[in-house]
Each structure stands twice: as structure tokens, then as C-alpha cells.
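Chemist: following is a predicted model, sequence given first.
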Amino acid sequence: MRIKKNVYDVVQARLERLFTDFDNVYVSFSGGKDSGVLLNLCIDYIRKHKPNRKLGVFHMDYEVQYNETIRYLDRTLAANPDLLEVYRVCIPFKVSTCTSMYQRYWRPWDDSLRHLWVRELPTGCYCKEDFDFYTEEMWDYDFQVKFAEWYHKKKNAQRTCCLIGIRTQESYHRWQAIHRDKNYHSYKHLKWTHKVAQNIFNAYPIYDWLTTDIWTANGKFKWDYNHLYDLYYQAGVPLERQRVASPFISQALSSLKLYRAIDPDMWGKMISRVNGVNFTGLYGGTTAMGWQSVTLPEGMTWASYFKFLLCTLPDEARENYLRKLSVSMEFWSKKGGCLAEETIAKLRRMGIPISVGESTNYKTNKKPVRMEYQDDIRVSEFKELPTFKRICICILKNDHSCKYMGFALNKAERERRANVMLKYKSLMESYGRI
């Protein structure tokens with residue numbers, strides 16, 4: 001009779017595979033519950049099975065964070081000094097912010113704003129001078145990739161693996177990251193891995209764990225954890241919404257106000273650190289910032305409301321949205337977006353003029369549909385269609401990149417990605433293939 005393994009047994013087998021096949025392994029540690037459990041799993045595994053191995057710990061310190069999280073980070077990164085090689089980086093890279101119509105990004109640990117820092121640099125941290133690849137144009141997500149390359153070279157490794165504590169239960173986006181068809185980019189067809197560069201991979205060993213598994217493990221093995229989650233519980237935050245994240249990204253705006261109740265000292269400092277934090281603390285998660293049921297002011301259409309909102313913006317932000325709208329309008333009128341047959345039928349029943357093509361270069365069964373921008377289209381597929389209401393919501397959300405409208409990388413971002421890929425190609429040629 002075959003005995004069914006639990007998630008703990010399964011992750012032990014995954015760690016065995018990783019620590020056998022990779023001579024260089026590090027954990028990306030955010031201070032949240034998932035990365036904390038993953039780090040503890042690795043420490044226990046090494047203590048038991050690989051006593052001579054070292055484990056890298058990579059933490060991107062964003063300066064602004066709950067004090068309880070900072071205390072947890074300090075405890076964890078100082079523990080197990082014989083085993084852990086800690087890389088706590090305090091870098092002024094660009095970080096997206098959705099709190100302000102004036103700022104598309106902010107910089108933690110910005111030297112020019114040192115008088116506004118919410119705290120001093122932690123002892124033993126790595127700064128921009130420690131990384132020869134750092135530039136002022138670098139975003140935080142770019143730094144993660146470049147760090148992997150830097151760490152791989154520093155350790156003179158044959159294969160490097162970064163372990164990341166994400167779980168598919170958390171979001172559909174994370175589910176896609178694991179389950180999309182990407183075997184070509186995985187390590188030996190393991191779906192819970194992803195190739196970053198030649199001989200460098202990301203791995204997600206606890207991708208199939210549930211939130212209850214995380215807390216069961218903490219309780220059963222008596223692991224230390226971030227006691228911010230206790231405060232979340234006391235504040236009435238549902239279990240599935242208890243997350244540790246950069247406080248200024250779009251996903252965190254509705255809970256930004258919790259800083260006022262949970263950590264008033266930090267709140268008092270952070271409202272002066274990034275533009276729009278106080279306003280977002282008051283109105284994040286409301287219709288004022290594009291959440292819930294956004295309604296029109298009396299006597300306006302969404303097109304006229306869009307023009308009104310543009311008048312309230314600074315020049316740079318206004319030009320950014322106009323440029324995004326122009327690109328989107330041209331795309332829908334000349335090339336067309338891919339829609340399902342059911343959506344096409346709904347548009348026809350509503351009398352909206354459309355032109356449907358038979359095929360597209362995209363790998364999809366959907367058909368390309370050319371159409372002009374509408375004021376609003378009240379169908380369940382609203383987020384797939386070109387309307388002025390959608391771009392109004394982007395403005396209200398301070399969504400400068402217009403992710404809500406489905407925008408992909410712009411030209412500058414594509415060029416940056418192409419340069420990175422070119423660099424990786426040269427690395428592949430110099431290192432050889434697996």
C-alpha cells in the first residue's frame with residue numbers, strides 16, 4: 001500500500017534534490033511568514049543532513065517597515081552564525097510607489113534624503129558601494145537578478161539556486177508563476193524551478209503549502225516568527241490578508257492605514273518619507289483611489305472625467321498617461337486585442353462596432369478584435385476591454401505603469417530587458433551549457 005506523504009515530507013525530498021545538485025544555495029528572506037518557514041526548513045535540513053554546508057541569506061531592506069518586522073529580521077539574521085552567510089542589502093534602487101501622483105518611484109536609503117530616513121543603517125549591511133553593477137537607474141527587481149549573477153561569481157559556483165518562499169494559494173499571479181508552461185526554462189523539468197541565467201535558478205520548494213501548513217510548522221517545531229502577525233490578528237486582519245510587503249505598492253495600499261494603529265512611531269516617520277502616504281492611509285481601498293465601485297461625478301462621462309483628472313496631475317504624470325492612452329488606442333484600432341467568442345458575442349449584442357479577425361500571431365485560441373475606445377462597457381470581461389473608465393481607475397490608483405489596463409513593458413523597459421538578455425547570452429557562452 002502506497003503511503004501518502006504530507007507537505008513536510010515532500011519538501012524534504014525537494015531540499016535533498018536542491019542541496020545535492022546545487023553547490024551554491026541561498027534563501028531570499030523578506031521577513032514574512034513564508035520565507036521565514038522556508039529559511040527554518042533549510043537550517044534544520046542542513047543541521048541534520050549537510051553539516052558542512054553554508055547557506056546564503058539574501059534580504060532586501062526597504063528601510064520603511066514595521067518595527068516588529070525589523071526586530072524579527074535582526075533576530076533571525078544574527079542567529080546561526082556558523083551556518084548562515086547574510087547579505088542584508090540597503091540599496092537606493094528605484095521602488096514603485098502608488099501613493100502619489102507626483103512620484104512613480106521612491107528610493108530607500110537615498111543619501112540625499114538622509115535627514116528623512118525612518119531609521120539608521122543596520123549593522124553589517126551591504127551598501128551600493130559593495131556592488132559594482134549598481135546604477136541609479138536600477139529598479140529593485142533588476143537588482144535581484146543582478147545579485148544572483150554577482151553571488152554566483154563571488155562563490156565561483158558551478159550551479160546556484162535561490163530559494164523563494166512563494167505559495168500558489170496566495171494569488172493567481174503566483175499560481176501562474178509555477179504552473180505556466182515553462183519546462184524549457186526549468187531545472188530538469190521540475191515545475192517548481194525557473195531558470196534565471198546560465199547555471200542560476202530560482203526554486204519554490206513550498207509552493208503547494210497552505211497558510212495552515214505554515215502556522216502548523218511554526219507551532220510544531222517551535223520556530224521563531226514575525227510577531228507582526230499576532231498584531232495583525234489582534235487588529236482583526238483576516239488570515240489570508242496578513243502579508244509583509246513594501247508598504248507603498250498597489251497591493252498594500254488598502255492596508256497602509258494599519259501602520260497608524262499597529263506602529264504609530266513608524267507611521268509618524270513614514271508620512272514625511274514618501275509623498276502621498278497620509279492621503280493613502282486615509283483613502284486607500286476606497287473609491288477615492290480607484291477601489292471598490294468607482295462612480296462618475298454627476299454630469300460627466302468617463303471620457304470627460306479622464307480629461308478632468310488629467311488637469312489635476314503634474315506635467316510628467318499627465319504626459320505619461322496620455323502616451324499610454326495613445327499607444328492603447330492605436331493598438332485596439334489597428335491591431336486589435338484577443339477576445340474569447342463569448343466576449344465577442346456580448347459586444348455584438350450591445351451594438352458596439354467591432355471588426356473580428358480570423359487569426360493572430362499570439363499563441364491563443366482567441367480572435368483579434370479591432371474597436372475604438374468606449375466610455376464604459378458593463379460586462380464581466382471589463383478588464384479586457386478598452387474603455388475610458390479603466391484609464392480613469394489607473395489615475396485614481398496612481399498606477400503610473402497602467403498595469404490595470406494590461407500594459408506590458410514600455411520601450412525603455414524592453415531595451416533594459418534586451419541588454420540583460422544580451423549579458424546573459426555572453427555568460428552562457430563563457431560558462432558553457434548544463
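Modeler: Structure received. Quick caveat, the model's predicted, so the values are computed rather than measured.
Chemist: list the contacts of residue 137.
Modeler: By CB atoms under 8 Å, 6 or more residues apart in numbering, the residues touching residue 137 are residue 94. (Glycine included, C-beta is placed from N, CA and C.)
Chemist: low-confidence ranges in the stretch 251-400 of the chain?
Modeler: Within the stretch 251-400 of the chain, the set of residues satisfying pLDDT under 70 comprises 251-255, 276-293, 361-363.
Chemist: those strands in the chain, which residues are they?
Modeler: 24-28, 55-60, 84-89, 95-96, 105-106, 160-164, 193-197, 200-203, 337-339, 355-356, 367-370 (DSSP state E).
Chemist: from residue 148, how far off is the residue nearest the centre of the chain?
Modeler: For the chain, the residue sitting closest to the mean C-alpha position, by CA atoms, centre = their mean, is residue 141 at 8.1 Å. With distances taken as CB to CB, to the nearest Å, residue 141 is found 12 Å from residue 148.
Chemist: please identify the most buried of the strands of the chain.
Modeler: Counting by mean count of other CB atoms under 10 Å, strand 160-164 has the highest mean neighbour count of those, with a mean of 25.
Chemist: just the CA trace of it, in PDB.
Modeler: Listed next in PDB are the C-alpha coordinates belonging to strand 160-164 (Å, rounded to 0.1, in the frame of the first residue of the first chain):
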ATOM      1  CA  THR A 160      23.500  28.500  -7.900                       C
ATOM      2  CA  CYS A 161      19.900  28.300  -6.700                       C
ATOM      3  CA  CYS A 162      17.900  31.000  -5.000                       C
ATOM      4  CA  LEU A 163      15.100  29.600  -2.800                       C
ATOM      5  CA  ILE A 164      11.900  31.700  -2.700                       C
END
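Chemist: elements contacting it?
Modeler: The contact analysis (3 or more CB pairs under 8 Å, 6 or more residues apart in numbering; DSSP states H and E) places strand 160-164 against strand 24-28, helix 33-49, helix 140-154, strand 200-203.
Chemist: can you list these in TSV and add distance to residue 221 and mean pLDDT?
Modeler: Output for the helices and strands packed on strand 160-164, formatted as TSV (distance: least, CB to CB, whole Å; pLDDT from 0 to 100):
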stretch	distance to residue 221	mean pLDDT
strand 24-28	17	97
helix 33-49	7	96
helix 140-154	28	95
strand 200-203	21	95
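Chemist: turn those into CSV, including distance to residue 238.
Modeler: Formatted as CSV, the helices and strands packed on strand 160-164 follow (distance: least, CB to CB, whole Å):
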stretch, distance to residue 238
strand 24-28, 26
helix 33-49, 14
helix 140-154, 28
strand 200-203, 29
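Chemist: which residues touch residue 80?
Modeler: Contacts of residue 80 (CB under 8 Å, 6+ apart): residue 43.
Chemist: with the one 4 residues further on instead?
Modeler: Contacts here follow CB under 8 Å, 6+ apart; on that basis residue 84 touches 43, 54-57, 77.
Chemist: beta partners of it?
Modeler: As for beta bridges, residue 84 partners with residue 55 under DSSP bridges.
Chemist: do you know how far the spatially closest residue to residue 360 that is not a sequence neighbour is from residue 337?
Modeler: Among residues not flanking residue 360 along the chain, residue 368 sits closest, at 4.6 Å (CB to CB, 6 or more residues apart in numbering). Per CB to CB, residue 368 is found 7 Å from residue 337.
Chemist: residue 148 now?
Modeler: Counting by CB to CB, the gap from residue 148 to residue 337 is 35 Å.
Chemist: now residue 107
Modeler: If you measure residue 107 against residue 337 using CB to CB, the figure is 35 Å.
Chemist: one more: residue 241?
Modeler: According to CB to CB, residue 241 stands 32 Å off from residue 337.
Chemist: residue 382 too?
Modeler: 13 Å.
Chemist: residue 187 too?
Modeler: Taken as CB to CB, the span from residue 187 to residue 337 is 35 Å.
Chemist: same thing with residue 314?
Modeler: The gap separating residue 314 from residue 337 is 30 Å, by CB to CB.
Chemist: break this structure into its domains for me.
Modeler: 7-221, 302-356+365-396 (automatic domain parsing).
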